[in-house]
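>>> have a look at this fold, sequence not included:
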Ligand code: NDP
Ligand code: BG6
């Protein structure tokens, strides 16, 4: 791992951690939402838990003209109003004097010279030594100028010296393969790969890390974690909120770039990768890269058959009214940006050949739910033929009735399969659905769940940013994405983007303008996404 000393009075729960060495953390975009809502609270909590030393100092940098006191006041206000922070006056009084702010442009040499001077002054005043952490919490349009200015101002010390310099880069890392490649080239013209921490906050979630622990620390699952026993794998990352004021950003992004390229690709990698030889950055990331390479590429023509996209209409999601996407602020009235995407992908390797992976993510769905469900094959010989839960269908027109019967059959079929569901959030935990005999004279099978919940066993998991920031300070990049990983994920995503573009061009050349499927807010997405599974005798599990 990295440098540091054991903190003698650390609470037991953190006894396995080393407290970090002193450092100066510079947050670019410190006036913004992420800094105030996530980063500063995470540092505050780490300090409260004494996982950061008293001379871990934060210097905010952004264009807004703020004094140190105004910056502290903003941070305090956002923490007091943050339900995830247990705000304590005394802890705040110890923390606040370590917050500083300097305003400047992101592409201005003069601003970075002043930054350099302020850093040197604070390093001396607080006896920090020379460890530096730069956090890019700005829109991606200014990542490149910031990196250039950091390099020109000589703020980046070479890797391998006595002190470390690290940079954390927020998502989105590029908007397609080409831009991600270019950004990587630029970042690596100033930093070494070992100094770069590309963040994906899903990897900081306890439940996501537990996917590897579940698979590789328990002897009983890995032998059946393959095409011989697994029928299909489903990954759902659903949100009930719409774009909520982020229309401008979302228009350039859409669900594929915003969620699939990063969070869902990471979940697929962790669920399907081969066992690494150790739990360290190189071994884990090598295996994730192998897995991403094995995802079957799609030709442009194949894209519409394997990937469904859609946009939400007005509706009510999780009891709250949601306007149609086209009516959100910052959204073009004829926008074709997708707010929902479902993808049937295949992994071409020995372990997963022929096992479909169904992925979906969307906004304005009925509830927030991120989960991975592994459905196992049925028992080879069915001794018992009576499964509860199938009531047939009635009271519908003939076509509706047939569809309902078909659907009920699918559900009945799935009732007789074992399904292992890892709930990333909320209600974090793991459920294994099995069949049991309902007590009584006849043999009636009914599904029952074997259940583990985090809350019950461990209490609420900590916020992902806490874990990830501590890892950066400790120099552990296992939970961050490497250059090859991010580019491979973009390669697969860019194939889909290209396929969609071709679909739109073909459509505009024909008589019909291109129309995106829609779904009412508060439903589980378009019928086309159900069709993706139903044609293979499957249905979505998370509902
Ligand atoms: P903001 O839009 O709040 O921007 C952060 C700061 O950057 C602003 O306060 C502003 O500071 C400056 N800024 C805003 N727009 C521009 C612009 N066009 N040109 C130059 N500077 C600008 O972003 P967030 O804080 O929400 O996000 C920061 C980064 O983190 C983004 O890359 C985002 O994708 C990523 N992210 C954010 C999440 C979140 O929950 N907010 C979640 C996951 C990732 P000033 O004007 O003072 O310079
Ligand atoms: C972010 C996306 O990366 O993840 C957001 O940009 C999304 O659009 C968010 O809302 C979801 O994160 P979480 O942790 O709430 O599932």
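Received, thanks. Model, not experiment: these values are computed from the prediction. Ligands and ions are numbered 1, 2, ... in the order given.
>>> nearest residue to the residue of the stretch 251-400 of the chain at minimum distance from ligand 2 other than its sequence neighbours?
Closest contact between the stretch 251-400 of the chain and ligand 2, by C-beta to the nearest ligand atom, is at residue 258 (4.8 Å). All C-beta atoms are positioned from the backbone trio N, CA, C, and that covers glycine. With C-beta to C-beta, 6 or more residues apart in numbering as the criterion, residue 258 has its nearest non-adjacent residue at 6.8 Å, and that residue is residue 250.
>>> got a list of what the one you found touches?
The contact partners of residue 250, taken as C-beta atoms under 8 Å, 6 or more residues apart in numbering, are 243, 258, 328, 330, 331, 337, 339.
>>> secondary structure element holding it?
Secondary structure assignment for residue 250, by DSSP states H and E: helix 247-255.
>>> roughly how far does residue 335 sit from residue 256?
14 Å (C-beta to C-beta, to the nearest Å).
>>> the two: which is more packed in?
Comparing residue 335 with residue 256 by other C-beta atoms under 10 Å, the one with more neighbours is residue 256, at 22 against 18.
>>> list the buried ones in stretch 232-249?
For stretch 232-249, the neighbour count (16 or more other C-beta atoms under 10 Å) marks 232-240, 242-243, 246-247 as buried.
>>> cool, stretch 91-110 as well?
Counting neighbours by 16+ other C-beta under 10 Å, one finds that the buried residues in stretch 91-110 are 91, 92, 95, 96, 98, 99, 100, 101, 102, 103, 104, 106.
>>> just the residues you listed: which has the poorest pLDDT?
Lowest pLDDT among these: residue 91, with 90.
>>> does the helix holding residue 250 reach ligand 1?
No: using C-beta under 6 Å from any ligand atom, helix 247-255 stays clear of ligand 1, with a minimum separation of 6.7 Å.
>>> now that helix: how far from the chain's centre is it?
In terms of C-alpha atoms, centre = their mean, to the nearest Å, the centre of helix 247-255 is found 16 Å from the chain centre.
>>> quick one: the helices in the stretch 51-200 of the chain?
68-80, 89-95, 109-125, 143-152, 177-190 (DSSP state H, counting those that start in this stretch).
>>> pLDDT averaged over the third one, what's the number?
Mean per-residue pLDDT for helix 109-125: 96.
>>> can you point out the buried residues in it?
Across helix 109-125, burial judged by 16+ other C-beta under 10 Å covers 111, 112, 113, 115, 118, 119, 122, 123.
>>> so what touches it?
Contacts of helix 109-125 (C-beta under 8 Å, 6+ apart): 24, 26, 57, 59, 61, 100, 102-105, 128-130, 132, 149-150, 152-155.
>>> that one vs helix 143-152, what angle?
If you take axes from the mean of the first three to the mean of the last three C-alpha atoms, to 10 degrees, helix 109-125 sits at 60 degrees to helix 143-152.
>>> report whether helix 109-125 contacts ligand 1.
No: judged by C-beta under 6 Å from any ligand atom, helix 109-125 stays clear of ligand 1, getting no closer than 10.6 Å.
>>> chain center to that helix, what's the gap?
Distance, stretch centre to chain centre, for helix 109-125: 34 Å (C-alpha atoms, centre = their mean).
>>> cool, and stretch 77-88?
23 Å.
>>> gap between the two ends of it?
End-to-end distance for stretch 77-88, by C-alpha to C-alpha, to the nearest Å: 13 Å.
>>> just the buried positions in it, please.
By 16+ other C-beta under 10 Å, the buried positions in stretch 77-88 come out as 78, 79, 82, 85.
>>> also stretch 323-332?
Across stretch 323-332, burial judged by 16+ other C-beta under 10 Å covers 323, 324, 325, 326, 328, 331.
>>> got it, and stretch 421-429?
Applying 16+ other C-beta under 10 Å to stretch 421-429 flags 421, 422, 423, 424, 425, 428, 429 as buried.
>>> repeat that for stretch 20-39.
In terms of neighbour count (16+ other C-beta under 10 Å), stretch 20-39 has its buried residues at 20-32, 34-39.
>>> now, which of these lie within strands?
Per DSSP state E, strands hold the following members of these: 23, 24, 25, 26, 27, 28.
>>> circling back to that earlier point, quick check: mean pLDDT of the helix holding residue 250?
Helix 247-255 shows an average pLDDT of 93 in the prediction.
>>> does that helix come close to ligand 2?
No: counting by C-beta under 6 Å from any ligand atom, no contacts exist between helix 247-255 and ligand 2, the nearest distance being 7.3 Å.
>>> nearest to ligand 2 among the buried residues of stretch 232-249?
Closest to ligand 2, out of all of these and judged by C-beta to the nearest ligand atom, is residue 239, at 5.5 Å.
>>> pretty sure that closest one is touching residue 365, no?
Yes: the pair residue 239 / residue 365 is scored as a contact, 6.4 Å apart, by C-beta atoms under 8 Å.
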